[in-house]
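Chemist: Here is my input; please provide its structure:
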Amino acid sequence: MSDIFKTIAKISEGYITEQRSRFVSFAIPVQTPEEVKEKVEAFRKKYYDATHVCWAYMLGAERLQFRVNDDGEPSSTAGKPILGVINSHGLTDILIVVIRYFGGVKLGTSGLIAAYRAAALDAISNATMIEKTVDEILSIEFAYPSLNDVMKVVKEFNPKILSQKFEMNCEMTLQIRRSEMGKLKERLLKTTKTAKVW
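Modeler: Next up is the predicted model:
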């Protein structure tokens, strides 16, 4: 299982018009369903005069948590195409909101699907893609005489040091990629027999 995932750095916008209907789109980095709810509510308030506020999101490094919402458009003509754009780019921790102002001409099912897809695509094409790693936290407690040995291992693996305390009993909290976690733990325990690692 990969411990790298793709997301976007910051909010980006897109815009298309189709048969006088206007579609304003936003791609937003998010991490929790609660955050999604807040953002969607904020867009509903800001664009209270819009005909539809449709959206889709994908969360988590494994990309297993997702939802779509057609907001009154015919079933599967808005949320699904938006999610399709997220999937085709392999993105996660992202919410895409597409706001539609109806222009008086009905677009039909295939027209709607194409329009929502194009609007989502425009927001994504203006976004800055970034890669993130799935990290885990490791804590170690060891006696001061083992400090040099422990530091050698830490230097080799180069995790992010979140906290450290060097006294008679030393403590460190480290952040490292999930795939490296087991190896680091093993090496630390080998290096100093009296260490506690969790």
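
Chemist: Show me the contact partners of stretch 48-59.
Modeler: Stretch 48-59 has contacts (C-beta atoms under 8 Å, 6 or more residues apart in numbering) with 30-33, 36, 40, 43-44, 47, 65-73, 78-80, 82-83, 86-87, 91-102, 116, 120. No exception for glycine: its C-beta is placed from N, CA and C like everyone else's.

Chemist: typo on my end, stretch 25-35
Modeler: The contact list for stretch 25-35 (C-beta under 8 Å, 6+ apart) reads 7-16, 36, 39, 43, 57, 59, 65, 67, 93-99, 119-120, 122-124, 126-127.

Chemist: does the residue in the chain sticking out farthest from the centre count as helix, strand or coil?
Modeler: Within the chain, the residue lying farthest from the chain centre (C-alpha atoms, centre = their mean) is Pro145, at 41.8 Å. Following DSSP: H, G, I helix; E, B strand; the rest coil, we place Pro145 in the helix state.

Chemist: got it, and Glu38?
Modeler: Judged by three-state DSSP, the three-state class of Glu38 is helix.

Chemist: Identify the residues contacting the residue nearest the centre of the chain.
Modeler: What sits nearest the mean C-alpha location of the chain, by C-alpha atoms, centre = their mean, is Asp93, with 2.0 Å. Contact analysis of Asp93 by C-beta under 8 Å, 6+ apart lists Phe5, Thr7, Pro29, Val30, Gln31, Met58, Leu59, Gly60, Lys132.

Chemist: Please go through this structure and pick out the longest helix.
Modeler: Longest helix in the chain, counting residues (DSSP state H): helix 108-125.

Chemist: Dump that helix to CSV, keeping only the CA atoms.
Modeler: Extracted in CSV, the C-alpha atoms of helix 108-125 (Å, rounded to 0.1, in the frame of the first residue of the first chain):
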residue,chain,number,x,y,z
GLY,A,108,-30.5,17.4,-20.9
THR,A,109,-28.8,14.6,-19.0
SER,A,110,-25.7,14.3,-21.2
GLY,A,111,-25.4,18.1,-21.4
LEU,A,112,-25.4,18.4,-17.6
ILE,A,113,-22.9,15.6,-17.2
ALA,A,114,-20.5,17.3,-19.7
ALA,A,115,-21.0,20.8,-18.1
TYR,A,116,-20.4,19.7,-14.5
ARG,A,117,-17.4,17.6,-15.6
ALA,A,118,-15.9,20.6,-17.6
ALA,A,119,-16.5,23.0,-14.6
ALA,A,120,-14.8,20.6,-12.2
LEU,A,121,-12.0,20.1,-14.6
ASP,A,122,-11.4,23.8,-14.9
ALA,A,123,-11.1,24.2,-11.2
ILE,A,124,-8.6,21.3,-11.1
SER,A,125,-6.6,22.6,-14.0
